[in-house]
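Peer 1: fold the following and give me the result.
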Amino acid sequence: MGKVAIVTDSNSGITQEEGKELGVHVLPMPFYINGELFYEDITLSQEEFYKKLAEDAEISTSQPSPGDVMDLWEGLLKKYDEILYIPMSSGLSSSCDTAMGLAMEFEGKVHVVNNQRISVTQRQSVLDAIEMAEKGMSVQEIEEVLMREKLESSIYVTVDTLKYLKKGGRITPAAAALGTMLRLKPVLQIHGEKLDAFSKVRTMSAAKKTMLDAMRNDLENRFAGSSMRLAIAHTNNEAMALEFKAELEKEFPGYPEIIVNELSLSVACHIGDGALAVACSRIPEV
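Peer 2: Here you go, the predicted model:
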C-alpha cells in the first residue's frame, strides 16, 4: 500500500501548527478585507479578524485559487503516492466542486471527499481519516467510510447578533430588525448541505437549553446505539464555550473528551462573534 497524504482546509478549525503535529496539510482559506487578500492562520489571525469585524470592515470569503491547490498537491505527490482531500461542505462553498474538477487532472491520485461537513465535524473526519490511514487502510477504503458516515453528525449554533446574517443576506433585513428589537437569538442547525433555522429564543441560557435538548434528542433517537463524540465550537467566546463544556459533561457523562474549538473564520464571517455551537459525530466502525 502506498503512502497517503491527508489534506484539509482551514475551515476544519485545524491550525497550521496543529496540522504539523497531526501530520496533515491544511490549505488556508483566503479572505478579502477592505479589498486586501489575507490567508487564515497565515497572514490573518483570529484576533486580527475579530478586530476588523468589530470595525465593520468589508470582509468576504473566497476559495483557494486553483493554482494554490494544484501546487500543494503536486508538491505532496513528490513524497506521497496518493492524496485524500477533505474540504468544507460543497453546500457551503464552491471550493469542493472546484477541487473535484482539479482532481481529474491527477489521474486518480487525488481523492476529494465531499462529505458535507464543516468546523468540528469536518475536523473529526480528518482525525478519523488519520486513524484509518494508521491502521493501513487504503485511500479508497477511507473515502468509502467517510462518505458512508457523511451525514452522521449534526451541529447546532446560536448567534449572539443578527447583524452578520443580515449583512450576508442570510435573513431579510425586516426579520433582522424585528429579531434585534425583540433581542431574539436564533438557534441554527447545520446538517449536511445547509444552514437552517432551528428555533428562536430570547436569552443565551434558553439557547443553550435548546441546543442541549436538540443534542439529547439526536443522541437518544437518531444515533441510538451508536458510539458518538461531542464537540463545542465558538466565535471569539472561549469563556462561555468552556462553561458550556462543563454543562455538557454533566448532562452527557461517559463520552470521549469533549473538544472545544474556534469556529473557522469563514463561518464567523456570516454569524459574527459571540456565537456558540454544539456538535456530535458518530465514531465510524471500521
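
Peer 1: for this structure, what spans make up the helices?
Peer 2: Taking DSSP state H, the helices of the chain run over residues 16-22, 46-54, 66-76, 95-103, 119-134, 139-148, 163-167, 173-181, 204-217, 238-251, 265-271.

Peer 1: packing partners for the second one?
Peer 2: For helix 46-54, the packing partners by 3 or more C-beta pairs under 8 Å, 6 or more residues apart in numbering; DSSP states H and E come out as strand 30-33, strand 59-61, helix 265-271. Just so you know, the C-beta spots here come from the backbone N, C-alpha and C atoms, and that holds for glycine as well.

Peer 1: which one of the ones you listed lies closest to Val113?
Peer 2: Taking C-beta to C-beta, helix 265-271 is the member of those nearest to Val113, at 18.1 Å.

Peer 1: check which helices and strands the closest one sits against.
Peer 2: In terms of contacts (3+ C-beta pairs under 8 Å, 6+ apart), helix 265-271 is packed against helix 46-54, strand 59-61, helix 163-167.

Peer 1: and those as JSON lines, adding mean neighbour count, mean pLDDT and distance to Gly254?
Peer 2: Shown next, in JSON lines, are the helices and strands packed on helix 265-271 (neighbours: other C-beta atoms under 10 Å; pLDDT from 0 to 100; distance: least, C-beta to C-beta, whole Å):
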{"stretch": "helix 46-54", "mean neighbour count": "15", "mean pLDDT": "95", "distance to Gly254": "32"}
{"stretch": "strand 59-61", "mean neighbour count": "18", "mean pLDDT": "89", "distance to Gly254": "38"}
{"stretch": "helix 163-167", "mean neighbour count": "19", "mean pLDDT": "82", "distance to Gly254": "35"}
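
Peer 1: can you tell me the centre-most residue of the protein?
Peer 2: Nearest to the mean C-alpha position of the chain, counting by C-alpha atoms, centre = their mean, stands Ser119 at 1.4 Å.

Peer 1: quick one: it from Val278, how far?
Peer 2: Here Ser119 is placed at a distance of 11 Å from Val278 (C-beta to C-beta, to the nearest Å).

Peer 1: same deal with Met147?
Peer 2: From Met147 to Val278 the distance is 24 Å (C-beta to C-beta).

Peer 1: show me which of those two is the more surrounded one.
Peer 2: Neighbour count, other C-beta atoms under 10 Å: between Met147 and Val278, Val278 has more, with 27 against 13.

Peer 1: so how many other residues sit close to the residue nearest to that one when sequence neighbours are not counted?
Peer 2: In space, Val278 comes closest to Met211 once its chain neighbours are excluded; the distance is 4.9 Å by C-beta to C-beta, 6 or more residues apart in numbering. Neighbourhood size, Met211 [other C-beta under 10 Å]: 27.

Peer 1: the helix or strand of the chain with the lowest mean pLDDT: how far from the chain's middle?
Peer 2: Lowest by mean pLDDT, DSSP states H and E among the helices and strands of the chain is helix 173-181, with a mean of 72. Distance of helix 173-181 from the chain centroid (C-alpha atoms, centre = their mean, to the nearest Å) equals 27 Å.

Peer 1: likewise stretch 264-273?
Peer 2: 11 Å.

Peer 1: common neighbours of Ser119 and Val278, please.
Peer 2: Residues touching both Ser119 and Val278 (C-beta atoms under 8 Å, 6 or more residues apart in numbering) are Ile155.
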